[in-house]
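Novice: Okay, here's the prediction I keep looking at, along with the sequence it came from:
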Amino acid sequence: MMEMHGEVLAQVRGQVGLITLNRPKALNALSLGMVRDLMTVLLAWQQDPAVLAVAIRGSNKEGPFGAFCAGGDIRFLHQAGSTGNPEIEDFFTEEYALNHLIHNYTKPYIAFMDGIVMGGGMGISQGASLRLVTERTKMAMPETAIGLFPDVGGGYFLSRCPGHVGEWLALTGDTIGAGDAIAFGLADGCLPLDAQAAVWEALGAQTFADGAAVQAFVAAKMIAADAQLKGVRGDIDQYFALSGVPAIVAALEAADSEWARATAATLRKRSPLMLHVVLEQIRRARGMDLASDLRMERDMVRHCFFLRPGASETVEGIRALAVDKDHSPRWNPARIEDVSPELVASFFVSPWPAHAHPLAALR
């Protein structure tokens, strides 16, 4: 049985619900329609006793796999944020509710995180009960480059990485591969590229006793993957434990390693304001459950788009990166040293009373 949703292909084969993200030209970036289709399908399958487990993959121009999901549809966010389109509010509310459902899904949810897994792609995979990466996985939360923050529960899952890896990934937006994703607790194992198609086909063809058996079948195919960043883990923990963004950048700029210099140069390109906001986000989220973190992020995203009229770092960041492509964002404030604590604090004031929060129902 195939349900054609255009950009979300959903099919029950045998005892498993199979989802393929089918927007390859945009690297499967999530539109509001895709978020709604995913939510509809997952809610239906959660109630369907014939579906023992769910698996999700992406596609590229050659066919299945190759790219998982590059994030949210940032061109839509730019257009909606520039024109005050209310669908932008629906997008974030519904996307975060989808992230929450996946983390709390009552059946095994297996994510095939091949190729690019960034931003919103992390949101629909980090809550999986089995997170598979491959030799070509490129994983990142690169939001500070567009004047945003690692949302979709990023505060929750990044803050739970070992040491201060979460702060490093969130502030720099650096990309990691399979071995580091596993070492940092952002993936459960590596599935070899040449095994993906056969495992996927077997999910729909074999008979399983229960959902746990589906997940165990896939987990048995995982192989080891080498972590590349072992050598700088100590540096990450040392610098990204410091009290604030100015201290982190000053220490990196004073250090005498290539890694420290490159990391400082990366941070100098990011939105100064959002670096401060993101550091606060990750550190607050360490003490939060997922629902509380998603409510905080929903507050933050309202501030990013609407509560600084004419001065949205996010609209400007997307303009420079994806619309005009001049790669010269005009950040405001312009320097890390010029960001005031009051401005940072304003992002954490909820625009809603608790009972009226768009995500009040999340538990």
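Specialist: Great, that's in hand. Numbering: from 1, shown residues only.

Novice: Okay, now the unreliable bits of the chain?
Specialist: For the chain, applying pLDDT under 70 flags the ranges 1-5, 309.

Novice: make it 80
Specialist: For the chain, the stretches with pLDDT under 80 are 1-5, 307-310.

Novice: Do a quick rundown of the strands in it.
Specialist: Under the criterion DSSP state E, strands of the chain are mapped to 2-4, 8-13, 16-21, 53-57, 59-60, 63-64, 109-113, 116-118, 130-133, 138-140, 189-190.

Novice: Identify the residues contacting the nearest residue to Ala285 once chain neighbours are set aside.
Specialist: Leaving aside its sequence neighbours, Ala285 sits nearest to Gly155 (Cβ to Cβ, 6 or more residues apart in numbering; 3.1 Å). Placement of C-beta: from N, CA and C, glycine included. Neighbouring residues of Gly155 by Cβ atoms under 8 Å, 6 or more residues apart in numbering: 281-282, 284-285, 288, 293, 296-297.

Novice: If we use 7 Å, what do you get?
Specialist: By Cβ atoms under 7 Å, 6 or more residues apart in numbering, the contact list for Gly155 reads 281-282, 285, 293, 296-297.

Novice: Any idea how many residues pack against the nearest residue in space to Pro150 that is not next to it in sequence?
Specialist: Spatial nearest neighbour of Pro150, excluding adjacent residues (Cβ to Cβ, 6+ apart): Met141 at 3.7 Å. Neighbour count of Met141, defined by other Cβ atoms under 10 Å: 31.

Novice: Over to the one 3 residues further on?
Specialist: In terms of burial, Thr144 registers 26 neighbours under the definition other Cβ under 10 Å.

Novice: Same question for Thr93.
Specialist: For Thr93, the neighbour count with other Cβ under 10 Å is 18.

Novice: With Phe68 instead?
Specialist: 31.

Novice: unless I'm mixing things up, it is touching Gly121, no?
Specialist: Yes: in this structure Phe68 lies within contact range of Gly121 using Cβ atoms under 7 Å: 5.2 Å.

Novice: how about the residue nearest to Tyr156 when sequence neighbours are not counted, what does it touch?
Specialist: Nearest residue to Tyr156, sequence neighbours excluded (Cβ to Cβ, 6+ apart): Asp293, at 4.2 Å. Asp293 sits next to 153, 155-156, 285 when contact means Cβ under 7 Å, 6+ apart.

Novice: Please report the distance of Asp293 from Ala285.
Specialist: Separation of Asp293 from Ala285 (Cβ to Cβ, to the nearest Å): 5 Å.

Novice: Hmm, Asp180 is touching Gly231, no?
Specialist: No: under the criterion of Cβ under 7 Å, Asp180 is not in contact with Gly231, lying 11.4 Å apart.

Novice: Compare the two (neighbour count), which wins?
Specialist: Taking other Cβ under 10 Å, Asp180 and Gly231 do not tie; Asp180 has more neighbours (24 against 9).

Novice: Asp226 versus the more buried one, what's the distance?
Specialist: 9 Å.

Novice: sorry, back to before: got the strands of the chain as TSV, with mean neighbour count and distance to Val165 columns?
Specialist: Below are the strands of the chain laid out as TSV (neighbours: other Cβ atoms under 10 Å; distance: least, Cβ to Cβ, whole Å):
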stretch	mean neighbour count	distance to Val165
strand 2-4	11	39
strand 8-13	19	32
strand 16-21	24	27
strand 53-57	26	25
strand 59-60	19	29
strand 63-64	14	31
strand 109-113	29	18
strand 116-118	26	16
strand 130-133	26	16
strand 138-140	22	12
strand 189-190	21	19
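
Novice: quick one, which of these is nearest to Val41?
Specialist: Closest of those to Val41 is strand 8-13, at 4.4 Å (criterion: Cβ to Cβ).

Novice: Residues contacting that closest one, please?
Specialist: With Cβ under 7 Å, 6+ apart, strand 8-13 has contacts from 1-3, 17-22, 34, 37-38, 41, 50-51, 204.

Novice: If we only consider these, which is nearest to Ala80?
Specialist: The shortest approach to Ala80 among these belongs to Met34, at 15.3 Å (Cβ to Cβ).

Novice: any common contacting residues for Asp293 and Ala285?
Specialist: What both Asp293 and Ala285 touch, as defined by Cβ under 7 Å, 6+ apart, is the set 155-156.

Novice: which residues sit against stretch 247-256?
Specialist: Here stretch 247-256 makes contact (Cβ under 7 Å, 6+ apart) with 239-240, 242, 260, 263-264, 267, 336.

Novice: Repeat that for stretch 270-281.
Specialist: For stretch 270-281, contacts defined as Cβ under 7 Å, 6+ apart pick out 144-145, 147-150, 155, 167, 170-171, 244-245, 267, 300, 313, 317, 331, 333-336, 338-339, 343-344, 347-348.

Novice: Give the buried subset of the residues you listed as a ChimeraX selection command.
Specialist: Per 16 or more other Cβ atoms under 10 Å, the buried members of these correspond to this ChimeraX selection:
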select :144,145,147,148,149,150,155,167,170,171,244,245,267,300,313,317,331,336,339,344,347
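
Novice: To what extent is the residue nearest to Ala202 when sequence neighbours are not counted buried, counted in neighbours?
Specialist: Here the nearest residue to Ala202 in space, its sequence neighbours aside, is Phe217; by Cβ to Cβ, 6+ apart that works out to 7.2 Å. Residues contacting Phe217 under the criterion other Cβ under 10 Å number 16.
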